[in-house]
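> give me a model of this one.
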Amino acid sequence: MLQGQVLGAGAPIAESTVTLWAASPGAPKQLAQARTGTDGRFTLTEDGAPTQDSILYVIAKGGIPSANKAGGNNPAIALMTVLGTTAPKTVTINELTTVASAFTAARFITGELISGNGLGLRIAAGNVPNLVDPATGGWGKVLLDPLNSTQTTTLANLDTLGSLISAFFTVANDDWRARFLKSATPTGGATPKTTLEAMAGIAREPWAHPQDLFALFEEAYPQPKDGARREAPFVPYLAWTPPDFALSLCFAGGGVYANGRFMFDADGNLWSGQNWMPGSQSGVRKSIGGGVVKFTPNGIPLSPPITGFTGMGIDGVGWGTAVTLDKVWITSFNGKILVMDLNGKPIGSESDFPFKEKFLGLMGVGVAANGDVWIADGSDNQLLHFPGGRVKDGRIVKVAGLKSPFDIVIDAQNRVWVANSQSDTVVRFPADDPTKVESFRAGISVRGLALDSKSNVWVASLLSLDFPVPHIPDGASIMEQFGLLAGAALHYPHPTGLVSMIRPDGTQPVPTGFTGGGAVDIPWGLNIDGNDDVWVANLSPRTRAVVLMAGADPKGHPAGTKTGDVIHMFEGGSIQMLTDVAIDPAGNVWAANNWNVPEAAVGDPPVYRTSTWGGGSGFTIIYGVAAPVKPPRIGEVRKP
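Numbering: from 1, shown residues only. Reported below is the predicted structural model:
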């Protein structure tokens, strides 16, 4: 039995029809239904049980909002609370739960029904309490922490959107309601008919009409001339027009500090190696290396605080994080390799590796569909190959054209693609014949690589081809390289860097790459979502942003959108200088804060009071803005 209350603008909604649903990969199943009393309260008794691979949600449809003195039943009212895999004892259904549920489940809502991949649904449900408390309808626990409540606009975005729903059935007239529904209409979609459909439309494209939506908010709740508070039901609200209405939260703990690459395991847990240890005065001059972090899909740390997971001699992790179906591979700045099970336990010891050579600066790890593991040796211009992922069979592979190799992906033809961080090239060779090397030009200092569903390779290069590159000695470590490049790039007066696309046949539709008119600025990592759109992580302190770029086959975007066009830039108070961006099975975008204050990272010495601010703090999750992806990421991107 589930008891609850339906509220609008803080007051009961009577005679609202409340339905309990079970959402799954198939059609949702109705479990119970009831009608609210004059106090907005209801009791639901389940008729049937949810399946194992489902989540529960409740929708309140129609009703008489007591906050509207004009009275009358409003059939366009539709409010939602996503509950999770089991029903709580009590629940509140109101505007804030509707906003939070619509954003976390944005990729699974059609009309007033929810369905989608089971893992994605569970991730969506698990993140609702981070934004709101389903029992009280108030703010969630993560939203209320000091960083999220005061350093970002997420709280104000949530409240402003909630107030727009309130206005719909309290103070607005028919003309206002029509304009609101129009502003909430997704690209290529039908005009919403209810408040839930409207919020789901906004959640899928929170960048589409922020000016119109904020103007509607100001119209519904005008600012008094004496400067007093607006009469909006939820405070704090936005004071100025936002660039978007995205909802994002920052998470920390578990050893997070200066995130490297992001990877998800098959259960949607995040894994990432950390450059430096939290609390240390680490930077490019001196450093104490970090470990490996693991987080649940809703941001709970599972790795030890400060140190993260460690073992097998690793000390500080750069780009070297990869996840297979049953293992996590990590490479370290000090040339060590850690292989763990999915609980963070090393599967062996340093002596298990067959190499007598001493390595330094091991970087990216590429995993092939056949289980092969490839590692970039950034200091010695070579690769390490582990057939079938077997540690004992590891061998060194010499490949012509390598210049501080950084990242590796393996395509559907089992061809190995390698990014050169001390060059402007990407090399490719068949895995079974490393002598057949081809080279492709990108930008200067190539970093992240990603494969879309058609095996197009997307490439992030830190610097544009006209950038005045400082001299970098051969054999310089990745941190030495970065210290020299950062000093030049961070003081460069213009945006720099580019994103390239290389087709499977080796052709490049735009050989000069995509810059988004300057939106792309010192791009480090990038990844592809389930719509084949491209998400780019800017490292630049000028534009601390995640950039959404149209992919090889632009679809679902406004007419005329071309490959490489920038759809939107996401900027927020918790987004710092990024190395990576990754998409989970619910369509959430995870952004890796790598640097925070550049002067603290490169200072010799840094300013004391900010000397622990060199590395990025925590990571940011932007809810529901991407097409979901199936983990783990091996080869081409896959839809769930």
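> so who does Trp374 touch?
Val365, Gly366, Val367, Ala368, Leu383, Leu384, His385, Phe386, Ile408, Ile410, Val416 (C-beta atoms under 8 Å, 6 or more residues apart in numbering). Every residue, glycine included, has its C-beta placed from N, CA and C.
> tell me the contacts of the last one?
The neighbourhood of Val416, defined by C-beta under 8 Å, 6+ apart, consists of Gly366, Ala368, Trp374, Leu383, Ile408, Val409, Ile410, Arg428, Phe429, Pro430, Ala431, Pro434.
> quick check: it is in a helix.
No. Counting by DSSP: H, G, I helix; E, B strand; the rest coil, Val416 is not found in a helix; it is strand.
> can you name every helix or strand that whichever helix or strand Val58 is part of contacts?
In the assignment (DSSP states H and E), Val58 maps to strand 55-61. Judged by 3 or more C-beta pairs under 8 Å, 6 or more residues apart in numbering; DSSP states H and E, the packing partners of strand 55-61 are strand 2-8, strand 17-23, strand 78-84, strand 90-93, helix 118-131.
> among these, which is the most enclosed?
Each of the helices and strands packed on strand 55-61 was scored by mean neighbour count; the highest is strand 78-84, a mean of 26, by mean count of other C-beta atoms under 10 Å.
> may I have that one exported as CSV, CA atoms only?
Listed next in CSV are the C-alpha coordinates belonging to strand 78-84 (Å, rounded to 0.1, in the frame of the first residue of the first chain):
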residue,chain,number,x,y,z
ALA,A,78,0.0,16.0,-15.1
LEU,A,79,2.5,15.5,-12.4
MET,A,80,5.0,12.7,-11.8
THR,A,81,7.2,11.1,-9.2
VAL,A,82,9.6,8.4,-10.3
LEU,A,83,10.0,6.0,-7.3
GLY,A,84,12.6,3.4,-8.0
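> output the contacting helices and strands for that strand.
strand 55-61, strand 90-93, helix 95-104, helix 118-131, helix 195-204.
> look up phi and psi at Gly388.
phi 60, psi 10 (degrees, to the nearest 10).
> make 21 the starting number, not 1.
All right, first residue 21 from here; so that's Gly408.
> contacting residues for it?
Asn390, Gly391, Asp392.
> the same query, at a cut-off of 6 Å, please.
Gly391 (C-beta atoms under 6 Å, 6 or more residues apart in numbering).
> that one and Val393: what is the separation?
Using C-beta to C-beta, to the nearest Å, Gly408 is found at 8 Å from Val393.
> could you do Trp339 as well?
14 Å.
> which one of these two is surrounded by more residues?
Neighbours were counted for Trp339 and for Val393 using other C-beta atoms under 10 Å; Trp339 has more, 28 against 25.
> the more buried one and Gly386 touch, don't they?
No. Judged on C-beta atoms under 6 Å, Trp339 makes no contact with Gly386 at a distance of 10.8 Å.
> check which helix or strand Ala602 maps to.
Per DSSP H and E: strand 597-603 holds Ala602.
> ok, and what's touching stretch 608-625?
With contacts defined as C-beta under 6 Å, 6+ apart, stretch 608-625 is touched by 278-279, 282, 303-305, 506, 510, 561, 566, 595-603, 626, 630-631, 633-634, 636-637, 639-643, 645-646.
> mind putting the helices and strands packed on strand 98-104 into TSV with distance to Gly46?
Formatted as TSV, those follow (distance: least, C-beta to C-beta, whole Å):
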stretch	distance to Gly46
strand 75-81	13
strand 110-113	24
helix 115-124	20
helix 138-151	10
helix 215-224	20
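> so which of those gets nearest Asp372?
Among the helices and strands packed on strand 98-104, the nearest to Asp372 by C-beta to C-beta is helix 138-151 (32.4 Å).
> contacts for that closest one next, please.
By C-beta under 6 Å, 6+ apart, helix 138-151 touches 43, 45, 73, 75, 102, 104, 120-121, 124-125, 160, 162-163, 269, 288, 317-318, 605-606, 648, 660.
> any regions of this protein where pLDDT drops low?
Residues of the chain meeting the criterion pLDDT under 70: 68-70, 495, 498.
> show me how it divides into domains.
22-151, 166-266, 269-642 (automatic domain parsing).
> could those go into JSON lines alongside distance to Arg653?
Listed next are the domains of the chain as JSON lines, based on distance: least, C-beta to C-beta, whole Å:
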{"stretch": "domain 22-151", "distance to Arg653": "14"}
{"stretch": "domain 166-266", "distance to Arg653": "23"}
{"stretch": "domain 269-642", "distance to Arg653": "6"}
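> tell me which of those domains lies nearest to Gly655.
domain 269-642 (5.1 Å).
> give me the neighbour count for the nearest residue to Gly536 once chain neighbours are set aside.
Spatial nearest neighbour of Gly536, chain neighbours left out: Val586 (3.7 Å); criterion: C-beta to C-beta, 6 or more residues apart in numbering. Residues lying near Val586 (other C-beta under 10 Å) number 20.
> what's the answer for the one 10 residues further on, then?
Around Gln596 there are 26 other residues, counting by other C-beta under 10 Å.
> SS state for the residue nearest to it when sequence neighbours are not counted?
Nearest residue to Gln596 in three dimensions, chain neighbours excluded: Asn613, at 4.0 Å (C-beta to C-beta, 6+ apart). Following three-state DSSP, we place Asn613 in the strand state.
> ok, now how distant is Asn613 from Val191?
40 Å.
> more neighbours: which of the two?
A count of neighbours by other C-beta under 10 Å puts Asn613 above the other of Asn613 and Val191, at 26 against 20.
> for that one, list each beta-bridge partner.
Leu598 (DSSP bridges).
> separation between it and Asn558?
For Asn613 relative to Asn558 (C-beta to C-beta), the value is 12 Å.
> quick one: the strands in the stretch 421-570 of the chain?
425-430, 435-440, 445-450, 458-461, 464-471, 477-483, 518-522, 543-548, 554-558, 566-569 (DSSP state E, counting those that start in this stretch).
> with distance to Gly537 as extra columns, can I get these in a markdown table?
Formatted as a markdown table, the strands of the stretch 421-570 of the chain follow (distance: least, C-beta to C-beta, whole Å):
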| stretch | distance to Gly537 |
| --- | --- |
| strand 425-430 | 25 |
| strand 435-440 | 24 |
| strand 445-450 | 24 |
| strand 458-461 | 21 |
| strand 464-471 | 19 |
| strand 477-483 | 17 |
| strand 518-522 | 12 |
| strand 543-548 | 14 |
| strand 554-558 | 13 |
| strand 566-569 | 11 |
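> out of the ones you listed, which comes closest to Gly533?
When the strands of the stretch 421-570 of the chain are compared (using C-beta to C-beta), the closest one is strand 518-522, at 3.4 Å.
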